[in-house]
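>>> Sequence plus predicted model, see below.
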Amino acid sequence: MPSSKPPSKPGRSPARGSAPSQSGKPGQAASPSRATPSAKPSSPYQTSARPSRPARPAEGRAAERPAPRDTRPFGQTEEPVAEARPPREHKPPKVPKAARNLGGSAQLVLKPEREKSLQRRHPWVFSGAVDLVEDTLVSGDTVAIRSAQGGFLGWGAYSPNSQILARVWDFHEGTRIDAEFFAERIRKAAARRDRVFGSEPTHAVRLVHGEADGLPGVVVDRFADQGVLQLTTAGAWRWRDAIADAVAHVTGLEKLYERSDADVLELEGLPHRVEVVRGEAPSGPVTIEENDLRFQVDVREGHKTGFYLDQRDSRALLRDLSENREVLDCFCYTGGFTMSALAGGASYVTAVDSSKDALAAARRHVTLNELPEARVDFVEADVFALLRKMRDQGRRFDVIVLDPPKFAPTAALAQNAARGYKDINLWAMKLLRPGGLLFTFSCSGGVSRDLFQKIVAGAAVDAGVDARVLHHMSAATDHPVSLSFPEGEYLKGLLVEIG
């Protein structure tokens with residue numbers, strides 16, 4: 001890749017300290033005001049065959065005083081105000097002795113001017129912002145994060161194998177990162193959910209949601225009497241026992257199962273871990289209730305922690321809009337949207353997924369909720385291929401749900417993901433009747449809400465339809481987003497009306 005720095009002009013190489021040439025051409029001497037009385041060449045481009053111009057007489061100034069070095073930019077004709085000084089070499093600051101190993105922690109020092117995001121309470125420290133790490137740190141260690149001037153910025157968890165070198169636990173220097181710290185954070189997170197959802201024995205709720213609850217890399221879901229723990233960062237792994245103890249104590253859950261098998265663990269250099277943490281292993285699916293519907297959750301083999309709790313509110317909205325409408329539910333998984341549409345009075349639902357096991361679970365949910373089996377058809381197929389086939393067949397629907405898996409976990413994959421999102425939205429729009437509704441979602445962290453809406457808008461143009469957004473959808477209220485951490489808004493949804 002070509003360098004963005006322009007090539008040095010002859011006669012102005014900073015490495016040799018020579019004065020800039022007015023013309024910048026090799027072999028042309030400096031202007032009289034900068035010429036030296038020596039007959040030797042003043043730069044490697046000037047030879048002895050072309051002598052320097054004679055220096056001006058020393059009248060009006062001390063003859064013995066050498067002419068000041070010209071530091072003017074190339075082409076500048078005004079006299080310099082003062083002689084430029086070479087930039088100071090940045091030396092990593094020494095951490096104050098009083099702060100060394102405070103609370104048993106080593107120090108992580110940022111480069112100059114890289115502390116602003118932390119001052120705005122953003123909890124991530126990328127490796128490119130770090131100047132030095134004092135002492136020998138082990139993955140998961142608690143580290144004091146400091147500015148280049150030595151000022152305290154936060155307590156973080158060190159993750160040497162990740163591009164995110166540290167994640168902040170707390171921004172107050174007086175805080176101790178210990179077992180009680182995690183117990184208090186989990187108490188507060190659980191109390192917030194209790195105020196909204198209550199504590200019914202069959203409820204399902206996300207108790208802890210990572211950065212939004214001040215616990216990066218920590219997710220805790222409750223499915224009735226079963227807890228599920230997911231730890232995805234080095235710091236979370238280090239404090240696993242303290243976190244598990246706190247969950248058991250705060251919630252009273254006697255059964256806690258770990259599902260630390262997310263793809264993001266590879267970016268952290270951590271292995272997958274799926275095992276019992278407290279109590280006994282689940283003997284089978286756990287029955288929960290959501291919006292007056294019952295679902296059986298497989299916490300051992302199901303996607304993520306077993307069930308997509310984040311779509312609770314969107315499923316309720318679909319239920320309200322399904323009466324007497326024909327619905328196509330794409331990527332239906334175990335039938336959350338399908339059950340909601342049937343319960344809302346849909347005239348017919350076609351539910352599509354590529355997983356035979358997921359479709360079997362969806363069929364059981366129809367029976368479990370005593371919904372009309374004659375008004376639903378479960379199709380095992382690739383959604384991309386089936387949408388094209390339905391388009392060619394001239395099929396039409398009143399409502400289509402697109403809830404695909406993650407296409408772009410990081411922003412680096414957003415371009416490829418955009419193509420996939422555009423294709424399925426374009427084909428879905430072609431299948432909708434005039435006045436039809438499209439529930440379309442992206443759970444890709446690498447695709448922003450703004451980009452997703454632009455993708456859907458582009459699909460509408462290519463499909464040749466008039467489309468308008470009726471509603472913006474997000475994850476349910478037990479999946480909050482910190483204002484200091486907008487990256488936490490991973491689930492984006494649009495309710496679009498066609499025609």
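Thanks, I have it. Numbering: from 1, shown residues only.
>>> And the helices in this structure?
Taking DSSP state H as the criterion, the chain contains helices spanning 116-119, 179-197, 234-238, 240-251, 265-268, 312-320, 336-343, 356-368, 383-393, 414-431, 449-463.
>>> These into JSON lines, with extra columns for mean pLDDT and distance to residue 110?
C-beta: built from backbone N, CA, C; applies to glycine. Shown next, in JSON lines, are those (pLDDT from 0 to 100; distance: least, CB to CB, whole Å):
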{"stretch": "helix 116-119", "mean pLDDT": "96", "distance to residue 110": "8"}
{"stretch": "helix 179-197", "mean pLDDT": "96", "distance to residue 110": "23"}
{"stretch": "helix 234-238", "mean pLDDT": "97", "distance to residue 110": "18"}
{"stretch": "helix 240-251", "mean pLDDT": "97", "distance to residue 110": "28"}
{"stretch": "helix 265-268", "mean pLDDT": "91", "distance to residue 110": "21"}
{"stretch": "helix 312-320", "mean pLDDT": "98", "distance to residue 110": "39"}
{"stretch": "helix 336-343", "mean pLDDT": "98", "distance to residue 110": "44"}
{"stretch": "helix 356-368", "mean pLDDT": "97", "distance to residue 110": "46"}
{"stretch": "helix 383-393", "mean pLDDT": "95", "distance to residue 110": "45"}
{"stretch": "helix 414-431", "mean pLDDT": "92", "distance to residue 110": "27"}
{"stretch": "helix 449-463", "mean pLDDT": "96", "distance to residue 110": "29"}
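>>> How about stretch 165-179, which residues are buried there?
In terms of neighbour count (16 or more other CB atoms under 10 Å), stretch 165-179 has its buried residues at 165, 166, 167, 168, 169, 170, 171, 177.
>>> got any ranges where the stretch 101-250 of the chain has weak pLDDT?
Applying pLDDT under 70 to the stretch 101-250 of the chain flags residues 101-105.
>>> need the strands for it, in chain order.
Applying DSSP state E, counting those that start in this stretch to the stretch 101-250 of the chain gives strands spanning 106-110, 124-126, 130-133, 142-146, 152-158, 164-170, 204-209, 218-223, 226-231.
>>> How far off centre is the fourth one?
Here the centre of strand 142-146 is set off from its chain's centre by 22 Å, with CA atoms, centre = their mean, to the nearest Å.
>>> what angle do it and strand 164-170 make?
Orientation of strand 142-146 against strand 164-170 (axes from the mean of the first three to the mean of the last three CA atoms, to 10 degrees) gives an angle of 90 degrees.
>>> what do you get for the fifth one?
Between strand 152-158 and strand 164-170, the angle formed by their directions is 120 degrees, by the same axes, to 10 degrees.
>>> and the angle from strand 152-158 to strand 106-110?
Using the same axes, to 10 degrees: strand 152-158 against strand 106-110 is 110 degrees.
>>> Let me see the domain layout of this structure.
Here the domain parsing of the chain from automatic domain parsing is 97-170, 179-285, 308-498.
>>> Could you dump those domains into JSON lines with distance to residue 293 added?
Output for those, formatted as JSON lines (distance: least, CB to CB, whole Å):
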{"stretch": "domain 97-170", "distance to residue 293": "36"}
{"stretch": "domain 179-285", "distance to residue 293": "11"}
{"stretch": "domain 308-498", "distance to residue 293": "5"}
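>>> Of all the ones you listed, which one is nearest residue 292?
Residue 292 sits nearest to domain 308-498 of all those, at 7.6 Å, using CB to CB.
>>> distance between the ends of the closest one?
27 Å (CA to CA, to the nearest Å).
>>> Residue 269 contacts residue 164, correct?
No. Here residue 269 lies out of contact with residue 164, judged by CB atoms under 8 Å, at a distance of 11.6 Å.
>>> which of the two has more neighbours?
Set residue 269 next to residue 164 and count neighbours by other CB atoms under 10 Å: residue 164 wins out with 19 against 12.
>>> residues contacting that one?
Applying CB atoms under 8 Å, 6 or more residues apart in numbering to residue 164 gives the contacts 124, 125, 126, 127.
>>> How many residues are close by the third one?
As a burial measure, residue 126 scores 13 neighbours (other CB under 10 Å).
>>> now the first one
By the other CB under 10 Å criterion, the neighbourhood of residue 124 contains 19 residues.
>>> Relative to residue 467, how far out is the nearest residue to it once chain neighbours are set aside?
Nearest residue to residue 124, sequence neighbours excluded (CB to CB, 6 or more residues apart in numbering): residue 164, at 5.0 Å. As for residue 164, its distance to residue 467 is 37 Å (criterion: CB to CB, to the nearest Å).
>>> pretty sure residue 237 is touching residue 243, no?
No. Counting by CB under 8 Å, residue 237 stays clear of residue 243, with 9.7 Å between them.
>>> Pick the most buried one from the strands of the stretch 101-250 of the chain.
Of all the strands of the stretch 101-250 of the chain, strand 218-223 has the most neighbours on average by mean count of other CB atoms under 10 Å, namely a mean of 27.
>>> tilt between that strand and strand 204-209?
Relative orientation of strand 218-223 versus strand 204-209 (the same axes, to 10 degrees): 160 degrees.
>>> Strand 218-223 pairs with which strands, parallel or anti?
Each strand paired with strand 218-223, and its direction, by DSSP bridges: strand 204-209 (antiparallel), strand 226-231 (antiparallel).
>>> ok now the last one, how far from the chain's centre?
Right, the one you point to is strand 226-231. Here strand 226-231 shows a centroid-to-chain-centroid distance of 21 Å under the convention CA atoms, centre = their mean.
>>> For it, which outside residues touch it?
Counting by CB under 8 Å, 6+ apart, 207, 217-222, 237, 240, 243-244, 247-248, 251, 253, 255-260, 262, 273, 277-278, 282, 286, 297, 299, 304-306 sit against strand 226-231.
>>> if I pick the residue nearest to residue 333 when sequence neighbours are not counted, what's in contact with it?
Spatial nearest neighbour of residue 333, chain neighbours left out: residue 358 (5.0 Å); criterion: CB to CB, 6+ apart. Going by CB under 8 Å, 6+ apart, residue 358 touches 332, 333, 334.
>>> report the longest strand in this structure, please.
strand 432-442 (DSSP state E).
>>> Report the angle between it and helix 312-320.
170 degrees.
>>> how many neighbours does the closest residue to residue 122 other than its chain neighbours have?
Using CB to CB, 6+ apart and skipping residues adjacent in sequence, the residue nearest residue 122 is residue 484, 5.5 Å away. Using other CB under 10 Å, residue 484 has 16 other residues around it.
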